[in-house]
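Enquirer: Sequence first, predicted model second:
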Amino acid sequence: MLRSKILNRIRLLKPVIDRRCMSSASKTPLTLLEVDDKSGIATLSLNRPPVNSLNIDLMNSIIESITEIEGNKSRGLILTSANDRVFCAGLDLNELHKPNQERLKEFWAVFQDVWLALHLCSVPTAAAINGHAPAGGCLLATACEYRVMLPQMTIGLNETQFGYMAPKWVMLSYLSVLPRRLAERALTQGKLFTTAEALDVGLVDEIAASKEEALAKCSTFIDSFSKANPLARSLTKKQIREPDVQKLIADRAGDLKECLEYINSPLLQDGLGAYFEALKQKSRSKAGKS
Ligand SMILES: CCCCC/C=C\CCCC/C=C/C(=O)SCCNC(=O)CCNC(=O)[C@H](O)C(C)(C)COP(=O)(O)OP(=O)(O)OC[C@H]1O[C@@H](n2cnc3c(N)ncnc32)[C@H](O)[C@@H]1OP(=O)(O)O
């Protein structure tokens, strides 16, 4: 009974995700998907310069790739970045700052979908975090089952730093990895953990000296399931993750409504504008353009 309920729920989920991922075709490959023909492990690289910031097209491309990986019977999914400085800079601030309202509704729905697709992915998932992973980038990493990070990077849900509060389901993803008291402190501080700190608190599982080593460690994690029946493993993972996922699925419209009110509030828009301008200024001074 429960198994068919979960499978039905997944099927319910899939049409939403499948329909979305047909909607946009990006001109350049926003994600690169390679399946190792020996190991059967798929590597999904985020490829949206300059910082893999998540816009609608990139998130649809991630969803499309996950759907393909689940369909082609890959043994596992490693999420990484084609950029050697940034894993993922989180949501594209252009989507949140002075947003077009119709587009913002689609953007938020796809953001919900990409978390559901990765969090519920039926194959084993691991993140080779070869760059900075703030906010939405951290969310992608915590949606995976295992995390290997390179030194001198940062990771964390830093939303309060730019005046925002992470949605409940984003906080739940953090709480699935960190103890509550630590998660609460890190969320309220908007803390970005260094690689060493992230290892210390368990936000990441291992550190690797290079991207190649990180990919190898992720493959070893995926190989650890070689004796488990794939369907039993997938159902077990979904059963454990079901309560958190249900909190979003049960009220996606409410989450969207709350997000629209929050993102559109003048105070938050001003804060976000100042934050975004500071980022641009930093980039200009770095490039000596100021
Ligand atoms: C109750 C309901 C509540 C709803 C609340 C609503 C919203 C909250 C959502 C919660 C979930 C997730 C939120 C997010 O993800 S928001 C995005 C947060 N991201 C960040 O704070 C990261 C900002 N970026 C950086 O810290 C750095 O760029 C870096 C990622 C560490 C990389 O540094 P570096 O290599 O030095 O690159 P630059 O800083 O020079 O940046 C290069 C260019 O990229 C632009 N950029 C950077 N980040 C973003 C971004 N997130 N979106 C768009 N553009 C970005 C930057 O401006 C530079 O562009 P330019 O060269 O054209 O100026």
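Expert: Cool, the structure landed.

Enquirer: what about residue 66, distance to residue 202?
Expert: 25 Å (CB to CB, to the nearest Å). For every residue, glycine as well, the C-beta is placed using N, CA and C.

Enquirer: what do you get for residue 228?
Expert: Applying CB to CB to residue 228 and residue 202 gives a distance of 23 Å.

Enquirer: got it, and residue 106?
Expert: 35 Å.

Enquirer: Kindly report the same for residue 181.
Expert: Counting by CB to CB - residue 181 and residue 202 are separated by 13 Å.

Enquirer: Next up, phi/psi of the closest residue to the ligand within the stretch 51-200 of the chain, please.
Expert: In the stretch 51-200 of the chain, the residue that lies nearest the ligand is residue 90 (2.5 Å; CB to the nearest ligand atom). Dihedral pair for residue 90: phi 90, psi -160, per degrees, to the nearest 10.

Enquirer: Spit out the contact partners of it.
Expert: 53, 54, 134, 135, 136, 137, 138, 139 (CB atoms under 8 Å, 6 or more residues apart in numbering).

Enquirer: When residue 106 and residue 202 are compared, which one has more neighbours?
Expert: Remark: of residue 106 and residue 202, residue 106 carries more neighbours, 16 against 12, as counted by other CB atoms under 10 Å.

Enquirer: wait, is that one part of a helix?
Expert: Yes. Membership of residue 106 in a helix is supported by DSSP: H, G, I helix; E, B strand; the rest coil.

Enquirer: Would you mark the buried spots in whichever strand or helix holds residue 239?
Expert: In this assignment (DSSP states H and E), residue 239 forms part of helix 230-249. Neighbour counts over helix 230-249 (16 or more other CB atoms under 10 Å) mark 234, 235, 237, 238, 241, 242, 244, 245, 248, 249 as buried.

Enquirer: Would you tell me whether that helix gets close to the ligand?
Expert: No. Helix 230-249 does not reach the ligand (CB under 6 Å from any ligand atom); its nearest approach is 11.7 Å.

Enquirer: before we move on, the earlier item: between the buried residues of helix 230-249, which is nearest residue 193?
Expert: residue 244 (21.3 Å; CB to CB).

Enquirer: quick one: that closest one from residue 74, how far?
Expert: 24 Å.

Enquirer: same check, this time on residue 253
Expert: 33 Å.

Enquirer: Compare the two and say which one has the larger neighbour count.
Expert: Ranked by neighbour count (other CB under 10 Å), residue 253 and residue 74 place residue 74 first, with 22 against 8.

Enquirer: Is that one in a helix, a strand, or coil?
Expert: When the rule is three-state DSSP, residue 74 gets the label coil.

Enquirer: Please name the nearest non-neighbouring residue to it.
Expert: Leaving aside its sequence neighbours, residue 74 sits nearest to residue 42 (CB to CB, 6 or more residues apart in numbering; 4.0 Å).

Enquirer: and that neighbour, what are its phi and psi?
Expert: phi -90, psi 130.

Enquirer: wait, what's in contact with residue 161?
Expert: Here residue 161 is in contact with 190, 275 (CB under 8 Å, 6+ apart).

Enquirer: May I have the predicted confidence score for it?
Expert: Note for residue 161: predicted pLDDT of 88.

Enquirer: Any chance of the backbone angles for it?
Expert: Torsion angles, degrees, to the nearest 10, at residue 161: phi -70, psi -30.

Enquirer: Show me what from this protein comes close to the ligand.
Expert: Residues of the chain lying close to the ligand (CB under 6 Å from any ligand atom) are 50-51, 53, 85-86, 89-94, 132, 134-136, 158-159, 162, 164-167, 170, 258-259, 262-263, 279-280, 282-283, 286.
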